[in-house]
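> need coordinates for the below:
(2 chains)
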There are 2 protein chains.
Amino acid sequence: MDWAKSFSMDAAAVRGSEIRELLKVLADPQILSFAGGIPDPALFPLEECTAIQSRLQQDEKAFRASFQYSQTEGYTPLRSWIADQAGGEASGIGTANTLVTNGAQQSLSLLAKALINPGDRLSVANPTYLGALQVFGSRRPDYLTVATDQNGLIPEAVEEAFKAGAKILYTIPDFQNPGGFTLSEERRHEILALAHEYSVIVIEDTAYSALYFDAPPPPSLFQLECQGDWGAEDRLVVQLGTFSKTLMPALRVGWTLAPVALIEKLVILKQADDLHTSTMNQIVGHELASTILAQHMSGLRHAYGQRRDAMMAALDQWMPDTVRYTRPGGGMFVWLELPEGLSGVELLKRALNEEKLAFVPGGAFHADGSGANTIRLCFSTCSAAQIDDGIRRLAGLIKAA
Amino acid sequence: MDWAKSFSMDAAAVRGSEIRELLKVLADPQILSFAGGIPDPALFPLEECTAIQSRLQQDEKAFRASFQYSQTEGYTPLRSWIADQAGGEASGIGTANTLVTNGAQQSLSLLAKALINPGDRLSVANPTYLGALQVFGSRRPDYLTVATDQNGLIPEAVEEAFKAGAKILYTIPDFQNPGGFTLSEERRHEILALAHEYSVIVIEDTAYSALYFDAPPPPSLFQLECQGDWGAEDRLVVQLGTFSKTLMPALRVGWTLAPVALIEKLVILKQADDLHTSTMNQIVGHELASTILAQHMSGLRHAYGQRRDAMMAALDQWMPDTVRYTRPGGGMFVWLELPEGLSGVELLKRALNEEKLAFVPGGAFHADGSGANTIRLCFSTCSAAQIDDGIRRLAGLIKAA
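Numbers count the residues shown, from 1 in each chain, chains lettered A, B, ... in the order given. Predicted structure coming up:
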């Protein structure tokens, strides 16, 4: 049985990642990792989780229900919370505009299934989130990559992609993964106007938006559209959110905010995909979100902000002038452009071998195959001392190359 | 924005269910429901769950890890358990043959994505599980339906489908949903031989296999293939399992057992789909499975067996001779064939209106659009008294029609 011959065209289009193979060594605790893209488990709100679990255990009926099948759309109190934090009634947003998913990744995969035919044109930032390229890739689109700078997507490049027939723009406006940059408010207005001019669906991924260190990011594209002059029936911004970066990833709870006609289709697709998201995990997520989230986020901002500061200080101190990097106002990532000709993949191999140091080479974040001389550093799981030490050693490797 | 015009061909092929709309009234507690297809929450092992949660809470490192991102393949101890219960080393089955999913429904959706191109020929029983038809439908296959009788799939009809170019056979050999019938051991051997003769992939869904009331079902197709003369490289049976019917559905933990080459592709697709299944839920599922499952199943078999007995007794007592029904040896369902010309959908409308009684019309379980005069009754959530009362009233409606 030759399974490769049995794979569908969609499955054949999705390939394993060389990077993922390289990074399997991360299980080795001796390795200092800037690869991650994961939150620090030391910052998880465990006491509150324990309290929520205890309360549920004491309410037998609710406890039983938390393990039973539940509706595909999601746990109603959580859907209300999602609608409210997105503006609620004042913005014309209700529970009917929400769908709970197994994290923003499933939001993406349902949207990809709902909206993308093979050959459809899809505009994405260069660079952009690898997991989005993976799931979109399984729908076999044609990518139109959009250039970015320190202020995110460049509107002229966006318009070029829209003129070339883009059906969808996927974007992470705040503290982008992997770029670390944030789309300026002015550009948000421009891109929203362009999307309406060219009738392009905008998928806005807000995974990192609440994780700001200096000041909150500008209003989301979703918010700006709600506040704009377009009627509810003209809306074309779809927003994804998740508890993975604010609370805990393994809850696997995220959501999609969209016009009702799209949500209804996504619900049917989600039902076919996996019936519903774990009832218990939705309840825990909702309880945490509606009680401690604001206070918890203030702690996270402080902790991750200090790590961002440590990484910027170390980069400023140790990196040669030939390396350029972003200065993120939040999130988890700094993006480095190495001297032309220095390969991120080769640098990773040497960093693992010679320094037991890990990061993610940037090429895989580019839908057009460029970016060989870029790398992504994550500061979320390391102490200031580890960051200083690691960046010093990384800079040494770069200078030696 | 006309969203319907934006939907992909795959998404347009998946439609909402008329039945699902009708059954939204089930929220009304006054309705006596044989519709379900859900386990009885009164039988969930809550004490053991509480104990597992408490143990985890006391092991801070493990508790934190249970909320962190984890590997797509699944929690290793759970994968070992899955491999062992499928025969383990003696059958040539190891963790590399396993993938943990969000329930068997996600196993199906990943397999559909991995293996089905539009227009591929897919053989399914008539009737078969509605959720499978939904997820396969989103891949736009051509169905080759296979006739069934009290012993499940009819081998001659299977061979006809294989001759007509079937790429895949999907089957629930034990206590089938919705038919309630079990594939005889002789037929299992015949169908396995046919699959190898025609090189057809077999997807075997074992959701109900452990829920037997009289005697365990015959060995699974997966087991028979492992014990057969085929080499490991020739295996073409893929098996799905789940904790939804044995432990608790909202864990959303299921699995796929398959040759390594297929598992590797499924892992990549699952990573794109939703990264991984909730770590905590996998741990709870594994703890329950490796401690109390055997004893718990014996309790479930007793409780559901009594309800099956009550339903058979009520059907024998109240139903007119013009109604034919199956005698399930396990699972949750009895399948009724009404007199020709009596519509299951019309009967449901009247049952809801006149008797506040619910069940599922059988037409939707038929990929070929037949079965209008069939219905599915679920006995898993009702007491013997409710079953007797409900069947008496249902019989009254049928006689009056």
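
> can you find the helix or strand of chain A with the lowest average pLDDT?
Here the helix or strand of chain A ranked lowest by mean pLDDT, DSSP states H and E is helix A:18-22, holding a mean of 70.

> outside of that helix itself, list whatever touches it.
A:Val345, A:Leu348, A:Lys349, A:Leu352, A:Val360, A:Pro361, A:Ala364 (Cβ atoms under 8 Å, 6 or more residues apart in numbering or on different chains). C-betas here are computed from N, CA, C, even on glycine.

> quick one: buried residues of that helix?
Going by neighbour count (16 or more other Cβ atoms under 10 Å in any protein chain shown), the buried part of helix A:18-22 is A:Ile19, A:Leu22.

> same question for stretch A:89-108.
Within stretch A:89-108, the residues that count as buried by 16+ other Cβ under 10 Å are A:91, A:93, A:95, A:97-108.

> from A:Val135, how far off is the residue lying closest to A:Leu56 once chain neighbours are set aside?
Nearest residue to A:Leu56, sequence neighbours excluded (Cβ to Cβ, 6 or more residues apart in numbering or on different chains): A:Phe63, at 5.0 Å. With the distance defined as Cβ to Cβ, to the nearest Å, A:Phe63 ends up 34 Å from A:Val135.

> what's the answer for A:Ala112, then?
For A:Ala112 relative to A:Val135 (Cβ to Cβ), the value is 5 Å.

> ok, A:Glu337 next?
Computed as Cβ to Cβ, the A:Glu337 to A:Val135 distance reads 26 Å.

> what's around the residue nearest to A:Leu56, how many residues?
For A:Phe63, the neighbour count with other Cβ atoms under 10 Å in any protein chain shown is 20.

> how far away is A:Gln223 from B:Phe136?
A:Gln223 sits 39 Å away from B:Phe136, going by Cβ to Cβ.

> neighbour-wise, which of those two wins?
Between A:Gln223 and B:Phe136, counting by other Cβ under 10 Å, B:Phe136 is the more crowded of the two (27 against 18).

> sec struct for that one, please.
Under the three-state scheme (DSSP: H, G, I helix; E, B strand; the rest coil), B:Phe136 adopts helix.

> which one's more surrounded, A:Glu337 and A:Val135?
It is A:Val135, of A:Glu337 and A:Val135, that has more neighbours when counted by other Cβ under 10 Å, with 26 against 17.

> tell me how far the more buried one lies from chain B.
Per Cβ to the nearest Cβ, to the nearest Å, A:Val135 is found 4 Å from chain B.

> extract the CA atoms of the least confident helix or strand of chain A and return them as PDB.
These are the backbone C-alpha positions of helix A:18-22, laid out as PDB (Å, rounded to 0.1, in the frame of the first residue of the first chain):
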ATOM      1  CA  GLU A  18      12.100  21.000   8.100                       C
ATOM      2  CA  ILE A  19      12.200  23.500  11.000                       C
ATOM      3  CA  ARG A  20       9.900  21.400  13.100                       C
ATOM      4  CA  GLU A  21      12.300  18.500  12.600                       C
ATOM      5  CA  LEU A  22      15.300  20.600  13.600                       C
END
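
> which helices and strands sit right next to the helix or strand following that helix?
Next helix or strand after helix A:18-22 toward the C-terminus (DSSP states H and E): strand A:32-33. Packed against strand A:32-33 by the contact rule (3 or more Cβ pairs under 8 Å, 6 or more residues apart in numbering or on different chains; DSSP states H and E) you find strand A:357-358, helix A:384-400.

> now do the buried residues in the longest one.
In terms of neighbour count (16+ other Cβ under 10 Å), helix A:384-400 has its buried residues at A:Gln386, A:Ile387, A:Asp388, A:Asp389, A:Gly390, A:Ile391, A:Arg393, A:Leu394, A:Ala395, A:Leu397, A:Ile398.

> filter the buried residues of stretch A:89-108 down to the ones in strands?
Among the buried residues of stretch A:89-108, the ones falling in strands (DSSP state E) are A:Thr98, A:Leu99, A:Val100, A:Thr101.

> how about A:Lys61, secondary structure?
Under three-state DSSP, A:Lys61 falls in the helix class.

> next: the one 10 residues further on.
Judged by three-state DSSP, the three-state class of A:Gln71 is coil.
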